[in-house]
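Engineer: Here is a sequence together with a model predicted from it:
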Amino acid sequence: MADPPRQLALDLPVESPMEAEDFLVSASNEAAYSALEAWPDWPDPILLLTGPPSSGKSHCAAIWAARAHAWTLARAALREEDVPRLVSAGALVLEDCDRAQGHEAALFHLLNLARERRSFVLLTAERAPEQWGLATADLLSRLRLAPRVAIAEADDGLLRAVLVKLFVERQLVVDTSVVEYLTLRLDRSIAAAKDMVERLDRLALERGRRITRALAAEVLRDDEGQGGIPPT
């Protein structure tokens, strides 16, 4: 018997809105979101936002940047000669601060000048400064003075809401039982939810069928390398 026809799944980009109304607040991110909402009444011009990969740090930062009219720059692109210009903007988001090495003098100068001129700086990182591998003791000391807020791993409520949002963004009609099934089994991360929805969308399109719990179980089974469907 011939194989059933398969549709071609086009790798088209799906837009992920980064507006405030698109940010889903839950117990895992409420403290961080509230701290950013408190601007400009911050206790310090520097704020450090930490959290796991794909936990919503960049979304939070984008919301704040829009409110504060802040520039956004990756720490890897920070150079000491650019610091006065960056501080003059009045607000800056410095992303992925724990992913870059070197140019510590530039970061040290930025923090000092921002405090001197009362210019706001939001730093994002996955880890606390003590884990950045910094060689400059004075820089670590400055970072320790900055207030910190953290986004935790996604809780069930957030993961459930994210799954629904991702399916809606792709204009997919999915039964609530599929969402509940995935919520109980996916890793506690928004990245895992995005990956799952993308794969389900592609597989359903290729096979010309709806996204069902059985299809979700098949994808999970492939991930786990098991011979049967994950337990219900």
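Structural biologist: Thanks, I have the structure now.

Engineer: From here on, just use CA atoms for contacts and neighbour counts.
Structural biologist: Will do.

Engineer: Over to the residue nearest to Pro45 when sequence neighbours are not counted: give its phi and psi.
Structural biologist: Closest residue to Pro45 in three dimensions, ignoring its sequence neighbours and counting by Cα to Cα, 6 or more residues apart in numbering: Phe120, at 4.6 Å. Dihedral pair for Phe120: phi -80, psi 140, per degrees, to the nearest 10.

Engineer: count of neighbours near Phe120?
Structural biologist: 24 (other Cα atoms under 10 Å).

Engineer: Where does the prediction get shaky in this structure?
Structural biologist: Within the chain, the ranges that satisfy pLDDT under 70 run 1-21, 225-232.

Engineer: for the lengthiest helix in the chain, packing partners?
Structural biologist: In terms of residue count, the longest helix belonging to the chain (DSSP state H) is helix 190-207. Applying 3 or more Cα pairs under 8 Å, 6 or more residues apart in numbering; DSSP states H and E, one finds that helix 190-207 contacts helix 156-169, helix 213-224.

Engineer: now that helix, how far from the centre of its chain.
Structural biologist: Helix 190-207 has its average C-alpha position 18 Å from the chain's average C-alpha position, going by Cα atoms, centre = their mean, to the nearest Å.

Engineer: re earlier: let's have the helices and strands packed on helix 190-207 in CSV, adding distance to Ser34.
Structural biologist: Below are the helices and strands packed on helix 190-207 laid out as CSV (distance: least, Cα to Cα, whole Å):
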stretch, distance to Ser34
helix 156-169, 16
helix 213-224, 35
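
Engineer: tell me the domain boundaries of the protein?
Structural biologist: Residue ranges for each domain of the chain read 29-150, 156-224, as given by automatic domain parsing.

Engineer: Let's have the ones you listed in TSV, adding distance to Phe23.
Structural biologist: Formatted as TSV, those follow (distance: least, Cα to Cα, whole Å):
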stretch	distance to Phe23
domain 29-150	7
domain 156-224	9
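
Engineer: mind listing the strands for this protein?
Structural biologist: Using DSSP state E, the strands assigned to the chain run over residues 46-50, 71-74, 91-95, 120-125, 148-150.

Engineer: Would you reformat the ones you listed as CSV and include distance to Asp82?
Structural biologist: What follows is the strands of the chain, written out as CSV (distance: least, Cα to Cα, whole Å):
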stretch, distance to Asp82
strand 46-50, 18
strand 71-74, 11
strand 91-95, 12
strand 120-125, 15
strand 148-150, 25
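
Engineer: circling back to that earlier point, most tightly packed of the helices and strands packed on helix 190-207?
Structural biologist: By mean neighbour count, with neighbours taken as mean count of other Cα atoms under 10 Å, helix 156-169 ranks first of those at a mean of 18.

Engineer: Who are the packing partners of it?
Structural biologist: Going by 3+ Cα pairs under 8 Å, 6+ apart, helix 156-169 lies up against helix 176-185, helix 190-207.

Engineer: For Val87, find the nearest of the ones you listed.
Structural biologist: helix 190-207 (32.3 Å; Cα to Cα).

Engineer: Buried residues, that closest one. List them.
Structural biologist: Applying a neighbour-count criterion of 16 or more other Cα atoms under 10 Å, one finds Ile190, Ala193, Met196, Val197, Glu198, Leu200, Asp201, Arg202, Leu203, Ala204, Leu205 buried in helix 190-207.

Engineer: what does stretch 133-146 give?
Structural biologist: Of the residues in stretch 133-146, Leu139, Leu140, Leu143, Ala146 count as buried by neighbour count, 16+ other Cα under 10 Å.
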